[in-house]
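Trainee: Structural data only, the sequence is not supplied:
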């Protein structure tokens, strides 16, 4: 069973379109994240939700809107896609209330290509 | 704010050579430390992790790392690399007392020549 799963794995779309990436975790974790990996492989956090509430919102264009319908899901919707949005997007989850021994589990990534 | 530095951006080694990748972090509180590997075109895989206790931790595929608190370092080592170790390596920290955000270093590309 996949612990953190993302769909789709690959997404090719034209500039200006709106697209969504879905993420689900079956680990019972209370915190979920979205990370962006750019062409230079740099990984940067975008958002974090704890119990469906937004707790981290880094400097991300407001074209990006996360949605957490429940603790197990964190979807990422992107409006008006631009060429610079091309990247690999990773979803992750962790158990924030787990105390000191916290570890994040990552999904397999979604490679978004905007043409 | 926490930060992670990986000073080696690109490392080229011959098979059987020893590997050490540097990682330094900056954070005043309690952190958990990780090394991830990303093979070409693949997702992130956890190599090893440190929470507390013995500062020398062993991971998968023969990798190990040593936490030196006084130096804020968590260097990754492997005595003898193989061609299959060619990948991107990321050091990461989680601030276990804060928002528990995972902060990554900029990554080190390891290329092993047969």
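Mentor: Happy to help now that I have it. Keep in mind that this is a model prediction, so the values were computed, not measured. Numbering: from 1, shown residues only, chains lettered A, B, ... in the order given.
Trainee: got the contact list for residue A:32?
Mentor: A:23, A:25, A:48-49, A:68, A:71, A:73-74, A:91-93 (C-beta atoms under 8 Å, 6 or more residues apart in numbering or on different chains). Any C-beta I mention is one placed from the backbone N, CA and C, and that applies to glycine too.
Trainee: Residues in a beta bridge with residue 49, which ones?
Mentor: All of this refers to chain A. Counting by DSSP bridges, residue A:49 forms beta bridges with residue A:32, residue A:54.
Trainee: my bad, the chain I had in mind was chain B
Mentor: Beta bridges link residue B:49 to residue B:34, judged by DSSP bridges.
Trainee: How about the residues of chain A by chain B?
Mentor: Chain A has residues A:31, A:33, A:35, A:40-45, A:48, A:55-56, A:90, A:92, A:94, A:96, A:99-104, A:106-109 near chain B, with proximity defined as C-beta under 8 Å from any C-beta of the partner chain.
Trainee: Let's see which of these end up in strands.
Mentor: Counting by DSSP state E, the part of the residues of chain A next to chain B found in strands is A:31, A:33, A:35, A:43-45, A:48, A:55-56, A:90, A:92, A:94, A:106.
Trainee: pLDDT wise, what is residue B:97 at?
Mentor: Listed pLDDT for residue B:97 reads 69.
Trainee: Residue A:58 now?
Mentor: As predicted, residue A:58 sits at a pLDDT of 85.
Trainee: again, but for residue A:2
Mentor: Listed pLDDT for residue A:2 reads 70.
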